[in-house]
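J.: Have a look at this fold, sequence not included:
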C-alpha cells in the first residue's frame, strides 16, 4: 500500500470566501503515484470547510447568503463562544453545514468524478493562513 | 490491497425523492471480495446526496418538508445560480445539508452497520439519470 | 494492509449532549499499529453524530441551541416520524446537520490533526447505550 501526505496553504482575505482547489488535489494524486485508492481532503481548521459542488459564481454567492441566514455573524452576542474573546462563533456553525472533509475515489490514477464535481475550500473566518490536508492511500 | 469500482444508475421521476440503495451496495461489497476495508458511496452529481439514516416513510417525508423549508425551490429568483438558466439552485443547497457521500467500514466481508443504518440516495433535481459511485478498498 | 475495528459505548443521560472522544480514538490508533492510513469514526445509531470541532464549552452550548432552532423537539406532532410511537423525529434531523462520521488521516502513527481539531460524539436522543465504530486501515 502506498500513502501520500500533502498540505495546501490557504490565505483568503475576506471573512467568508470560497476557492476551487481541484487542481492542487489533482497534482497531489499525480505525486502520490496511487492508481486505485482513496483521497481524503480536509480542512485542518475548525472554522473552514472542504466540500464538493459546482464552480459557478452565482451558486457560491447563494451559499454565502444562505449560510449567513442560517448562522449570522452579527450580533457577536448571539454566540456564547464569542465570550472567549473570539468573534467567529458563526464560522464554527457554517463549517458544520458545509462539512469538514471529502473522500474521493481514485481510479486509474485520477480523481473519479462526475461531470461537474469540483473541490472547494470554504473559509468562514478568513484573513490568516490556514491549512488543508490531502492524504492518499492505495496502490 | 484489493479495489473495486461500481456505478449505480438512479432515475427518480420526482424533483425530490429518496431511495434505499443498501442492497445494491451490499452486492458491490460481495463482488469486491474485500473482507476488511472501507466502502465509499458518493453521488457523482452535485444536486444529489448519499446519506445514512432510517428507512421509515414518515421520516423521509419529514426530511423533504424540512429541506424545502431550509432551501425553498420557489421563487426561482431566490438563487443567483438560476440566472444561468437552471431552476435547481435549491437542489445544490439541499445536497449540502444531507451530504455528498458516506464511508462505511467493511468487516468480515460485510457492511459494518448499527441496527438501523440504511444507505439512501437523495435526489433534489430529478427526472433524469444520475450516477452513484461505489469504491471499495481493502484486503 | 493492516485493519483494526473497535467500538466505543456511549450512554449520555441528557436528550442532547456532546462528548469529546478524541482520547479513545487515539487509543484505537495506537492499538491498530497503523503508521500511515485512514481512520473512520462513525455513529452506529441514526439519532447521533460524530463530528470534529473545538472543545469549547460555550460553542457546544451554541450548537445545542442552534440545532434546536433548526429542528425543534417539540411539538412532537411536527414530525410524521413520531406517529410510529417515537418522539425523536428531531434527532434524525439534528444528526444530518452535524454528520454521521469523520475520516481522519493517520500519519506516523498519529491522528493527523490541525491545532484545534477534536472528535466529538453528538447525542440527540440520549438516555440509553449507543455505539461508535472506529475502523482503521493502513500499513
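T.: Yep, that arrived. Quick caveat: nothing in here was measured; it's all calculated off a predicted structure.

J.: And the strands in chain A, which stretches?
T.: Under the criterion DSSP state E, strands of chain A are mapped to A:2-10, A:17-20, A:37-43, A:48-53, A:101-107, A:110-111, A:118-123, A:130-138.

J.: confidence score at the residue in chain A that chain C sits nearest to?
T.: Distances between chain A and chain C by Cβ to the nearest Cβ are smallest at residue A:44, namely 2.9 Å. No exception for glycine: its C-beta is placed from N, CA and C like everyone else's. The per-residue pLDDT reported for residue A:44 equals 98.

J.: which one is it nearest to, not counting chain neighbours?
T.: Of all residues not flanking residue A:44 in the chain, residue C:114 sits nearest, at 2.9 Å (Cβ to Cβ, 6 or more residues apart in numbering or on different chains).

J.: repeat for residue A:64
T.: Residue A:64's closest residue in space is residue A:16 (Cβ to Cβ, 6+ apart), at 5.4 Å.

J.: how far away is the spatially most central residue of chain A from residue B:52?
T.: Note on chain A: the residue nearest the mean C-alpha position is residue A:50, at 1.9 Å, using Cα atoms, centre = their mean. Residue A:50 is 20 Å from residue B:52, where distance means Cβ to Cβ, to the nearest Å.

J.: With residue A:14 instead?
T.: From residue A:14 to residue B:52 the distance is 34 Å (Cβ to Cβ).

J.: Chain C contacts on chain A?
T.: A:1, A:3, A:5, A:38, A:40, A:42-46, A:70-71, A:79-84, A:89, A:92-93, A:95-97, A:99-101, A:103, A:131, A:133, A:135, A:137 (Cβ under 8 Å from any Cβ of the partner chain).

J.: so the residue nearest to residue A:44 touches residue A:48, yeah?
T.: No. The pair residue C:114 and residue A:48 fails to qualify as a contact (Cβ atoms under 8 Å) at a distance of 9.3 Å.

J.: If you count surrounding residues, which of these two has more?
T.: Ranked by neighbour count (other Cβ atoms under 10 Å in any protein chain shown), residue C:114 and residue A:48 place residue A:48 first, with 25 against 17.

J.: quick revisit: could you dump the strands of chain A to CSV with distance to chain B?
T.: CSV is the format used below for those (distance: least, Cβ to the nearest Cβ, whole Å):
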stretch, distance to chain B
strand A:2-10, 9
strand A:17-20, 12
strand A:37-43, 6
strand A:48-53, 5
strand A:101-107, 4
strand A:110-111, 11
strand A:118-123, 8
strand A:130-138, 6
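
J.: show me where pLDDT drops low in chain A?
T.: For chain A, no stretch has pLDDT under 70.

J.: so what's the residue nearest to residue A:44 up against?
T.: By Cβ atoms under 8 Å, 6 or more residues apart in numbering or on different chains, the contact set of residue C:114 is A:43-46, A:131, A:133.

J.: Can you flag the buried ones in those?
T.: A:43-46, A:133 (16 or more other Cβ atoms under 10 Å in any protein chain shown).

J.: Now the residues you listed in CSV, please, with extra columns for distance to residue A:59.
T.: Output for those, formatted as CSV (distance: Cβ to Cβ, whole Å):
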residue, distance to residue A:59
A:43, 20
A:44, 25
A:45, 23
A:46, 24
A:133, 25
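
J.: Show me what the residue lying closest to residue A:34 once chain neighbours are set aside is bridged to.
T.: Nearest residue to residue A:34, sequence neighbours excluded (Cβ to Cβ, 6+ apart): residue A:138, at 3.9 Å. Using DSSP bridges, the bridge partners assigned to residue A:138 are residue A:2, residue A:37.

J.: Surely residue A:138 is in contact with residue A:37?
T.: Yes. If you go by Cβ under 8 Å, residue A:138 and residue A:37 touch, sitting 1.6 Å apart.

J.: Distance-wise, check residue A:74 relative to residue A:126.
T.: Following Cβ to Cβ, the distance that separates residue A:74 from residue A:126 is 16 Å.

J.: Of these two, give the one with the bigger neighbour count.
T.: residue A:126 (19 against 9).

J.: residues near the residue nearest to the more buried one when sequence neighbours are not counted, how many?
T.: Using Cβ to Cβ, 6+ apart and skipping the chain neighbours, the partner closest in space to residue A:126 is residue A:12 (4.3 Å). As a burial measure, residue A:12 scores 20 neighbours (other Cβ under 10 Å).

J.: Residue A:109 too?
T.: 14.

J.: can you pull the contacts of it?
T.: Here residue A:109 is in contact with A:29-30, A:34-35 (criterion: Cβ under 8 Å, 6+ apart).

J.: mind running it again at 6 Å?
T.: residue A:35 (Cβ atoms under 6 Å, 6 or more residues apart in numbering or on different chains).

J.: quick one: stretch A:89-97 to chain centroid distance?
T.: Its chain's C-alpha centre and that of stretch A:89-97 lie 13 Å apart, by Cα atoms, centre = their mean, to the nearest Å.

J.: repeat for stretch A:129-139
T.: The answer for stretch A:129-139 is 11 Å, by Cα atoms, centre = their mean.
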